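Participant: sequence below, structure please.
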Amino acid sequence: MSFVSDSSANGSAGLQVGAVSKLVGVSVRTLHHYDEIALVVPSGRTPKGYRTYSSADVERLHQVLTYRELGFPLDAIAALLDDPTVDAMAHLRRQRDLLNERIDHLHAMAAAVDKMMEAKKMGMQLTPEEQREIFGDNWPGEEYAEEAEQRWGETDEWKQSQQRTASFTKDDWKAVKEETDLLETDLAAAMQRGVSPESTEAGELAERHRASIERYYDCGYEMQVNLAEMYIADERFAKHYNDIADGLAQYLRDVIVANAARQG
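Facilitator: Residues are numbered from 1 along each chain as shown. Predicted coordinates:
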């Protein structure tokens, strides 16, 4: 951006208002307003009498815009810039400190958005704190979500799950947790009472399990059996069920497999 010649007494060169507007990214109207309130006053004139901004004027304008970005009102900015006890380097250091605070704040906001994105990936309209409140302190939500997306992200079941759970509220997830806990309690009780996996009672438990999966995606008997096999093959799932009652992972698998076999 070139400076134009100035025929004023000091013989300096400067930029006209339109050029400054493009240079710093503010409107001509804003520059006129800053001129009117004596916040940033162009110090030069062209031969035709148009006001021009010197390099010092543009530097002051940049300082004004920095403080404005940080939320300072114009009268406070004028007081800061015109304080005779504060030198230019002190202004720059102050602006740098304030910008660092702003950056830290934006990083915190970005982290919050990242958490919301993770909740979206999981199909949950919940914060991490709400997930722990509902599912417990050991809930590995983000870890499981990432793994599930890597393993099944291209499947129809994954897409169905995302669609069906997108509108779930916190109360919906609480109901899911309560229903899941009740099913697991009933399964453990049946196992401890010696209920045969081939029995009608066990079959009803298998159907409740399948219905719990179908809230997320269509689950036929073959799919349910695949899940049952994973419950004993994946040590994390096995631990979850076996922590409820020793041997429950295997019992649930047997209940599901037996019920699927009866369905033909």
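
Participant: what helix or strand is Glu179 located in?
Facilitator: Using DSSP states H and E, Glu179 falls within helix 170-192.

Participant: Thr52 in helix, strand or coil?
Facilitator: The three-state label given to Thr52 by DSSP: H, G, I helix; E, B strand; the rest coil is strand.

Participant: nearest spatial neighbour of it, skipping sequence neighbours?
Facilitator: Leaving out its chain neighbours, the residue that sits closest to Thr52 by C-beta to C-beta, 6 or more residues apart in numbering is Gly14, at 3.0 Å. C-beta coordinates here come from the backbone N, C-alpha and C atoms, glycine included.

Participant: right, and the one you found touches Ala56 too?
Facilitator: No - the criterion here is C-beta atoms under 8 Å, and Gly14 misses it with Ala56 at 9.7 Å.

Participant: how close does the residue lying closest to Leu183 once chain neighbours are set aside sit to Thr200?
Facilitator: Closest residue to Leu183 apart from its sequence neighbours, by C-beta to C-beta, 6+ apart: Arg208 at 5.4 Å. Separation of Arg208 from Thr200 (C-beta to C-beta, to the nearest Å): 13 Å.

Participant: end to end, how far does stretch 186-197 reach?
Facilitator: One end of stretch 186-197 to the other measures 13 Å (C-alpha to C-alpha, to the nearest Å).

Participant: and it, what's buried?
Facilitator: Buried positions in stretch 186-197, judged by neighbour count with 16 or more other C-beta atoms under 10 Å: 187-188, 190-191, 195, 197.

Participant: swap in stretch 32-52?
Facilitator: Buried residues in stretch 32-52, counted by 16+ other C-beta under 10 Å: 34-35, 39-40, 42-46, 51-52.

Participant: now do the SS call for Leu15.
Facilitator: Secondary structure, three-state DSSP: Leu15 is strand.

Participant: bridged to it, which residues?
Facilitator: In this entry, Leu15 is beta-bridged to Tyr53, by DSSP bridges.

Participant: rewinding a little: more neighbours: Gly14 and Ala56, which one.
Facilitator: Shown here are Gly14 and Ala56; by other C-beta atoms under 10 Å, Gly14 has more neighbours (25 against 12).

Participant: so for that one, what's the pLDDT?
Facilitator: Gly14 is assigned a pLDDT of 83 by the prediction.
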